[in-house]
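Peer 1: make a model of this:
(2 chains)
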Amino acid sequence: MTHFGLSDTTSRRGALLGAAAALLLSSRSGLAAIADASATPREFIQRLGDRTVQILNEPQSENARKLQELKRLLDEATDLDLIARLVMGRYWREASETQKAEYLELFRALVMQTMAERFSWYTGETFEITDAKPVDERDTIVSTRINRTNGKPPILVDWRVRKGERGYLLVDIVAEGVSLVVTQRSEAAEIIGRSGIDGLLAEMRKRIARRDAGRSPTGT
Amino acid sequence: MHEAVHRAAPARSVRARHGRSGVLALTLLAGLAPSAKVRAQETVWDPIEPVNRAVFGFNMLADEWVLEPVARGYRYVAPEPVRRSVGNFLANLRSPVIFVNDLLQGERERAGITLGRLMINTTLGVFGLFDAASTFGYLPHDEDLGQTLGVWGAPPGPYIMLPLLGPSNVRDAFGRVGDWAIDPLNNCCIDTDERLGRLGGSAISEREANIEVIDDLKRNSLDFYATVRTIYAQRRAADIRNGAAPPPGGQENYEDIFKDEGTEP
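Peer 2: Numbering: from 1, shown residues only, chains lettered A, B, ... in the order given. Below you'll find the model as predicted:
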């Protein structure tokens, strides 16, 4: 069904799953040590990944605590507000101040929720950096290979980082060719096109409420 | 295995159309879509969206009622090593088509790997049940005619949601038909029932492997149809590049997203 095709492409060899898991997780890892103005993009991603894997592997720590740490990493290592604005794209300028504020808040909440769900996907993946290519004076794409367990083929993931005053911050994750920003932007454009910015906000609120009502993910 | 889906195209009736004429028709069709290039990357060209959405709704129902339960049942009864062997076996069956497409793309080295994999896995790997080739460093990759056409420069054309088969576009739909036609197995060795069995088996195997991803996408999408559409388009573009990072400046629209911050300063 859809899913024949979906399986086919979305997640060839279940790739996206592991990638998304390892990545989305890792993406949210960043500590004080990670935000370092002198670090190269490669070093930044290396630390981010190391720290994430370290948190995930802490056997004694409670899931709730791991999640807290990952969230803190996420906050420090990604430019979530920029990502949120990029996702809204040209509609950002049309949004009122109130809409913008609410959108940023909802966006953050959704990302955190999603992370909490994917958190459990981690099954001992490791990563290695294969390349780092500057795109322009600000942005660099760091390529990694996520090695999976169980004889599954590795997943290629690119991390787009942007130079800021305090060092690099993550601005996009591209797992096996699928960009987080492009994907969410496409979705946002579809919904805004149909029902406006308020429609998008309503959809996001609904999504959060539904999740809250359902399971209560660890630590959220 | 992932490509099993491609097998679904109606087989012999369309066979005569494979090859050059198909490519030509495809290119012409796609050529009618000048807007496709202009559009930002996040907007996949989808002129028949209402129809596609209806088909998507049908596919979702079919999945919910048939494929997903079967896939979950399969996971329940078959232990992981068995499922992996099934996946390996189905993937091995696809090797000939991958090989042909490697050649059509002028990828000699990859063609060699595919051929090596086929031989190793069919013999040492016991008819493909084990992926022995990977342990020798011959890792799997995938190709299909849709990708080959893409490598040759054919644009994707309009997005199409195929009943039961899932997301596609004009180029890839042609590709499916062509792949089916050039598949040596279809031509020499297996009859209609076996082909359907292979198709169904692949669908179940793939669906099982992706239970978590699909659950996650459904849960985290604000508009699942739009999500599937963009992921399909992005994946196909990446497949055509053989997983290579987009060349700097080669993917204007993607870069544009990051130049326009949508904000003041």
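Peer 1: quick check: which element contains B:V55?
Peer 2: Following DSSP states H and E, the helix or strand that holds B:V55 is helix B:49-62.
Peer 1: repeat that for B:D172.
Peer 2: Per DSSP H and E: helix B:170-182 holds B:D172.
Peer 1: any part of that helix near chain A?
Peer 2: No - using C-beta under 8 Å from any C-beta of the partner chain, helix B:170-182 stays clear of chain A, with a minimum separation of 9.3 Å. C-betas here are computed from N, CA, C, even on glycine.
Peer 1: neighbouring contacts of stretch B:124-133?
Peer 2: Where contact means C-beta atoms under 8 Å, 6 or more residues apart in numbering or on different chains, the residues beyond stretch B:124-133 that reach it are A:151, B:85, B:88-89, B:91-93, B:116-117, B:120-122, B:140.
Peer 1: can you flag the buried ones in the residues you listed?
Peer 2: B:S85, B:N88, B:F89, B:A91, B:N92, B:L93, B:R117, B:I120, B:N121, B:T122, B:P140 (16 or more other C-beta atoms under 10 Å in any protein chain shown).
Peer 1: can you show me the helices along chain A?
Peer 2: Assigned by DSSP state H, the helices in chain A fall at A:2-10, A:15-27, A:41-57, A:63-77, A:80-88, A:91-94, A:97-118, A:180-213.
Peer 1: from the chain's centroid, how far away is the shortest one?
Peer 2: It stands for helix A:91-94. Its chain's C-alpha centre and that of helix A:91-94 lie 23 Å apart, by C-alpha atoms, centre = their mean, to the nearest Å.
Peer 1: for it, list every residue counted as buried.
Peer 2: Neighbour-count burial for helix A:91-94 flags A:Y91, A:W92 (criterion: 16+ other C-beta under 10 Å).
Peer 1: quick one on the thing from earlier: would CSV of the helices of chain A with distance to chain B and mean pLDDT be doable?
Peer 2: Shown next, in CSV, are these (distance: least, C-beta to the nearest C-beta, whole Å; pLDDT from 0 to 100):
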stretch, distance to chain B, mean pLDDT
helix A:2-10, 2, 44
helix A:15-27, 4, 50
helix A:41-57, 14, 90
helix A:63-77, 16, 87
helix A:80-88, 5, 93
helix A:91-94, 4, 92
helix A:97-118, 5, 91
helix A:180-213, 4, 91
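Peer 1: output these as TSV; include the columns distance to B:L145.
Peer 2: Shown next, in TSV, are the helices of chain A (distance: least, C-beta to C-beta, whole Å):
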stretch	distance to B:L145
helix A:2-10	14
helix A:15-27	21
helix A:41-57	36
helix A:63-77	41
helix A:80-88	34
helix A:91-94	38
helix A:97-118	34
helix A:180-213	25
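Peer 1: and for residue 143, the neighbour number?
Peer 2: If you meant another chain, say so; for now it's chain A. A count of nearby residues for A:S143, using other C-beta atoms under 10 Å in any protein chain shown, gives 19.
Peer 1: sorry, should have said chain B
Peer 2: Considering only other C-beta under 10 Å, B:E143 is surrounded by 27 other residues.
Peer 1: let's see the pLDDT reported for the closest residue to it other than its chain neighbours.
Peer 2: Nearest residue to B:E143, sequence neighbours excluded (C-beta to C-beta, 6 or more residues apart in numbering or on different chains): B:N101, at 3.8 Å. B:N101 carries a pLDDT value of 96.
Peer 1: now do the helix or strand that contains B:N101 against helix B:170-182, angle only.
Peer 2: Assigned by DSSP H and E, B:N101 belongs to helix B:80-104. Put simply, helix B:80-104 runs at 100 degrees to helix B:170-182, going by axes from the mean of the first three to the mean of the last three C-alpha atoms, to 10 degrees.
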